[in-house]
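Engineer: how does the following fold in three dimensions:
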Amino acid sequence: MYGVCTVNVQMNGTTQLVSYSTNYPVSHLLDQCVSSFHISVAYRPYLQLLTSAGSVLPMDEIIPFHGYKDVLTMRYIRTETQGLFLPLG
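Structural biologist: All right, here's what the predicted structure looks like:
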């Protein structure tokens, strides 16, 4: 059983009201956010959702039946690798 909810999602100073189904993984909500903000799906692996308290929502976590009540933030994950280049030899 699932429900349909809406939540305000912020990104880069813009807020969108996003509809999503509950009792699905958070990755479903992220897909809805990507669509609402008209972001290319190529960037989806580099995005994450945060609660108003700043906690990252794990993509495999199941969305509660009553959804999220606070404003969520979508942001790009920092992808630069530092310190991984080791000298050869």
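
Engineer: which element is the residue nearest in space to the middle of the chain on?
Structural biologist: The centre of the chain sits closest to Leu49, judged by CA atoms, centre = their mean, with a distance of 3.0 Å. Under the assignment given by DSSP states H and E, the secondary-structure element containing Leu49 is strand 47-50.

Engineer: helices of the chain, start to end?
Structural biologist: Listed in chain order, the helices found in the chain under DSSP state H are 26-36.

Engineer: about what we covered before: ok now the strand holding Leu49, how far from the chain's centre?
Structural biologist: 3 Å (CA atoms, centre = their mean, to the nearest Å).

Engineer: might one say that the residue nearest to the centre of the chain is in contact with His28?
Structural biologist: No: the pair formed by Leu49 and His28 falls short of the contact definition of CB atoms under 8 Å, at 11.1 Å. Bear in mind the C-beta positions are built from the backbone N, C-alpha and C, glycine included.

Engineer: that older thread, which secondary structure elements does the strand holding Leu49 contact?
Structural biologist: helix 26-36, strand 72-76 (3 or more CB pairs under 8 Å, 6 or more residues apart in numbering; DSSP states H and E).

Engineer: brilliant, that's me finished.
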